[in-house]
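Enquirer: prediction below, plus the sequence it came from.
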Amino acid sequence: MSRLVVTGATGFIGNSIVEAALQRNHDVVALARNPSWLPRQSTERLHVKRWQVGEPLPEVGEAKALIHLAAHVPADFSDAKAASSCFDINVLGAMEIAEQAADQGIEKFIHFSSGQIYSTELTSATEQSLAYPVGRATYYLASKLAGELCVQYVTKRRNIEVIVFRLASIYGPGMHPKGMLPHFVQRLADGEVVHLAEGGGYHVDFAYIGDVIDITFSALASRASGIFNVGSGVASTSLQAATVIADVLGADRKLIEVEGEKKENGFAALDVTKARESFGFQPRSLEEGVSAWLGHERETIQSR
């Protein structure tokens, strides 16, 4: 058993990692802007502390690793006024956390970034592919890329092992209910029509939360470092995603209505070869992930 620090512990991914760490008998320091949002409160092995980016990192004891998930995600990705907050928190804040982690003797820093920083002209992206996020959410995605660079510089200078995970679009139990996939689930489970704009051609790499958890703990046990894509390896369209969800729910595919001319837009599939070779990463397919997700939430769906 070892002690881990998790920032952004009340978020979808952060809380999932906290729960998984406790199940694996780790001691966890969960840092949260609003601790009351955590499903669990402090116990013998869970130490919940109020904290937000920009504040001094609290005393974390004999922690060996820090998993950094806290970030600013703007409500409107096109709002230029949000750019300063993105850079203050996702770049300068991340640098400060890395420095303070080093000051407290933390040996490993796992930094979560975005797999959507790659050029939208790519169909598949490796870690060496062009990172040029001008297609959409540019202020946010540029801050995530800059955050990676600055954290890597700090950790190299301070001699800390660093892993950067570039995440695909993550789904699964506990995710925010307003995303595209939860919308499909809610509509189809209720027997209501799902309308897909632009011919259902929007595409993105969807990755199951369980795969993120698996690679995180594999990384904690490894001496590997560097940047790693974390996705399914496949970019699925909105039509494909809606169809998979309908099939898993047993809903009629005729509830899926495709509107408009098909437009190929979205984000590249993430090539996960490097993660597979370094950590034995074996991501679920969309069908496998959706089945696991909806199986976990079947009681909630049936009670609707």
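Expert: Perfect, I can see it now. Numbering: from 1, shown residues only.
Enquirer: residue farthest from the centroid of the protein?
Expert: Within the chain, the residue lying farthest from the chain centre (Cα atoms, centre = their mean) is Lys254, at 31.7 Å.
Enquirer: got the residue ranges for the helices in the protein?
Expert: Ranges of helices in the chain, per DSSP state H, are 12-23, 83-87, 94-103, 138-157, 180-189, 209-220, 238-249, 273-279, 286-296, 298-302.
Enquirer: and the fifth one, C-alpha only, in PDB?
Expert: Listed in PDB are the C-alpha atoms of helix 180-189, where the atom choice follows Å, rounded to 0.1, in the frame of the first residue of the first chain:
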ATOM      1  CA  MET A 180     -23.600  13.200 -26.200                       C
ATOM      2  CA  LEU A 181     -23.600   9.500 -25.100                       C
ATOM      3  CA  PRO A 182     -25.800  10.100 -21.900                       C
ATOM      4  CA  HIS A 183     -28.200  12.000 -24.100                       C
ATOM      5  CA  PHE A 184     -28.400   9.000 -26.500                       C
ATOM      6  CA  VAL A 185     -29.000   6.700 -23.500                       C
ATOM      7  CA  GLN A 186     -31.700   8.800 -22.000                       C
ATOM      8  CA  ARG A 187     -33.600   9.200 -25.200                       C
ATOM      9  CA  LEU A 188     -33.400   5.600 -26.400                       C
ATOM     10  CA  ALA A 189     -34.100   4.200 -23.000                       C
END
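Enquirer: how does the chain divide up, domain by domain?
Expert: For the chain, automatic domain parsing gives the domain ranges 3-171+207-231+271-279, 180-201+236-269+285-302.
Enquirer: so how far is the longest one off the chain centroid?
Expert: For domain 3-171+207-231+271-279, the distance from its own C-alpha centre to the chain's C-alpha centre is 8 Å (Cα atoms, centre = their mean, to the nearest Å).
Enquirer: got it, and the last one?
Expert: Domain 180-201+236-269+285-302 has its C-alpha centroid displaced from the chain centroid by 20 Å (Cα atoms, centre = their mean).
Enquirer: and stretch 279-286, by the same measure?
Expert: Put simply, stretch 279-286 sits 15 Å off its chain's centre (Cα atoms, centre = their mean).
Enquirer: quick one: buried residues of it?
Expert: Of the residues in stretch 279-286, Phe279, Phe281, Pro283, Arg284, Leu286 count as buried by neighbour count, 16 or more other Cβ atoms under 10 Å. Every residue, glycine included, has its C-beta placed from N, CA and C.
Enquirer: of all the helices of the chain, which one comes closest to Thr126?
Expert: Nearest of these to Thr126, taken as Cβ to Cβ: helix 273-279 at 7.1 Å.
Enquirer: just checking, what packs against the closest one?
Expert: Under the contact criterion of 3 or more Cβ pairs under 8 Å, 6 or more residues apart in numbering; DSSP states H and E, helix 273-279 touches helix 209-220, strand 226-230.
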